[in-house]
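Enquirer: heads up, no residue letters with this:
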Ligand code: A3P
């Protein structure tokens, strides 16, 4: 049982002082806690989440590393689970007017704003997202048999996506990454010093748990979603206990959900072109829709950079059965 007692603010400051601290791949100051790098306020929120969140069996937890397709996964799971409430062609579908981060909140953000949020009135299924590793999930999530879906992505594409993100949403005291050497950023990433990094450690942990408890944890890959979204939508719906009926399949519901949540469709919605993230006055919704492709790393990384990161990841995943 690895339940952390939430420190009082002063104690948290003391804890923080005792942790190794470095600038991460996009130059945010990060603190190393139990094998993972966190921003300070996020660590505090993650600890509150770990200590106070009470999971229900009907909950759905979406776990990802930053820049691995969280926004997409949120939209897909919301559309699947709300399809009897809002048909996909419904003009009042929330995904047409709300960014996916508005319909599926991050637990780290809920607990950043309030260490004791009242989440009891949210009707089932409650869908939440998190970037924390499996080991930081609350005991109630691990024991409630609620559904967890983990989405991973090739680390080279994560790095490139993160690099671009860092250029539009710079870290404090760093006006823009453009003035910073990409090689330096990449070196930090290869050492796993990124927000919630190393991303391969996080993926490996969820991977192992998905092998151990497949009925609770579904492990997905961004690349598989891109290759065949329809069959991945079926897997998600089955995992969540709401498989598509043959009437739905024949009626094109799967394709409709895929289209509703497609990169092109979401990106071109007014809310995602001009809106701002509901929990931030700074971050614009459009930064979550850049290219949405597999292999964009080829346009940024040199062959030797790619080889280096591949080796790091291969070494870490060796013998696990997981490839990223
Ligand atoms: P790129 O920067 O490579 O384009 P996150 O949501 O975890 O922050 O990840 C963002 C990445 O997912 C970005 O990758 C973004 O373009 C991509 N993305 C967002 N919505 C998507 C969608 N509907 N389909 C495919 N990719 C999507």
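Expert: Thanks, I have it. Computed from a predicted structure; not experimentally measured. Numbering: from 1, shown residues only.
Enquirer: contacts only, for residue 201.
Expert: Shown in contact with residue 201 (Cβ atoms under 8 Å, 6 or more residues apart in numbering): 35, 36, 133, 192, 316. Where you see a C-beta, it was placed from the backbone N, CA and C, and this is true even at glycine.
Enquirer: and it, how far from residue 317?
Expert: Residue 201 is 10 Å from residue 317, where distance means Cβ to Cβ, to the nearest Å.
Enquirer: ok, now residue 90?
Expert: Residue 90 sits 42 Å away from residue 317, taking Cβ to Cβ as the criterion.
Enquirer: more crowded one of these two?
Expert: Neighbours per residue, other Cβ atoms under 10 Å: of residue 90 and residue 317, the larger number sits with residue 317, 17 against 14.
Enquirer: touching, that one and residue 311? I think so.
Expert: No - assessed by Cβ atoms under 8 Å, residue 317 is found out of contact with residue 311, at 11.1 Å.
Enquirer: interface residues of the stretch 151-300 of the chain facing the ligand?
Expert: The stretch 151-300 of the chain comes close to the ligand at residues 157, 161, 164, 261-263, 266, 288-292, 296, as judged by Cβ under 6 Å from any ligand atom.
Enquirer: now, of those, which are buried?
Expert: Of the members of those, the ones counted as buried by neighbours, 16 or more other Cβ atoms under 10 Å, are 157, 161, 164, 261, 263, 266, 288, 289, 290, 292, 296.
Enquirer: once you drop chain neighbours, what's closest to the last one?
Expert: Right, residue 296. Here the nearest residue to residue 296 in space, its sequence neighbours aside, is residue 160; by Cβ to Cβ, 6 or more residues apart in numbering that works out to 5.4 Å.
Enquirer: which helix or strand contains that neighbour?
Expert: Under the assignment given by DSSP states H and E, the secondary-structure element containing residue 160 is helix 155-168.
Enquirer: ok, now residue 316?
Expert: Following DSSP H and E, the helix or strand that holds residue 316 is helix 303-317.
Enquirer: list the buried residues of that helix.
Expert: Going by neighbour count (16+ other Cβ under 10 Å), the buried part of helix 303-317 is 305, 309, 312, 313, 316, 317.
Enquirer: what's the pLDDT at the fifth one?
Expert: When you say that, I think you mean residue 316. pLDDT recorded at residue 316 is 96.
Enquirer: touching, it and residue 197? I think so.
Expert: No - with contacts defined as Cβ under 8 Å, residue 316 does not count as touching residue 197, sitting 11.7 Å away.
Enquirer: who does residue 147 form a beta bridge with?
Expert: Residues in a beta bridge with residue 147, per DSSP bridges, are residue 60.
Enquirer: tell me how many other residues crowd it.
Expert: By other Cβ under 10 Å, the residues close to residue 147 number 23.
Enquirer: surely it is in contact with residue 59?
Expert: Yes - with contact defined as Cβ under 8 Å, residue 147 and residue 59 form a contacting pair (7.2 Å).
Enquirer: what's near enough to touch the residue of the stretch 201-324 of the chain found nearest the ligand?
Expert: Of all residues in the stretch 201-324 of the chain, residue 292 sits closest to the ligand, at 2.9 Å by Cβ to the nearest ligand atom. Going by Cβ under 8 Å, 6+ apart, residue 292 touches 72, 263, 267.
Enquirer: kindly provide the distance from the residue lying closest to the last one once chain neighbours are set aside to residue 200.
Expert: In this structure, residue 267 finds its nearest non-sequential neighbour in residue 289, 3.8 Å apart by Cβ to Cβ, 6+ apart. Distance, residue 289 to residue 200, using Cβ to Cβ: 25 Å.
Enquirer: how many residues are close by residue 227?
Expert: Residues near residue 227, counting by other Cβ under 10 Å, number 11.
Enquirer: show the pLDDT at it.
Expert: Each residue has a pLDDT score; the one for residue 227 is 98.
Enquirer: where does the prediction get shaky in the stretch 101-250 of the chain?
Expert: Counting by pLDDT under 70, the stretch 101-250 of the chain contains low-confidence residues at 173-180.
Enquirer: which residue ranges of it form strands?
Expert: Counting by DSSP state E, counting those that start in this stretch, the segments of the stretch 101-250 of the chain that form strands are 127-130, 147-152, 217-221.
Enquirer: helices and strands around the longest one, which ones?
Expert: Contact partners of strand 147-152 among helices and strands, from 3 or more Cβ pairs under 8 Å, 6 or more residues apart in numbering; DSSP states H and E: strand 60-64, helix 70-81, helix 199-212, strand 217-221, helix 222-227, helix 229-239.
Enquirer: for these, give me CSV that also has distance to residue 151.
Expert: Formatted as CSV, those follow (distance: least, Cβ to Cβ, whole Å):
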stretch, distance to residue 151
strand 60-64, 5
helix 70-81, 5
helix 199-212, 9
strand 217-221, 5
helix 222-227, 6
helix 229-239, 10
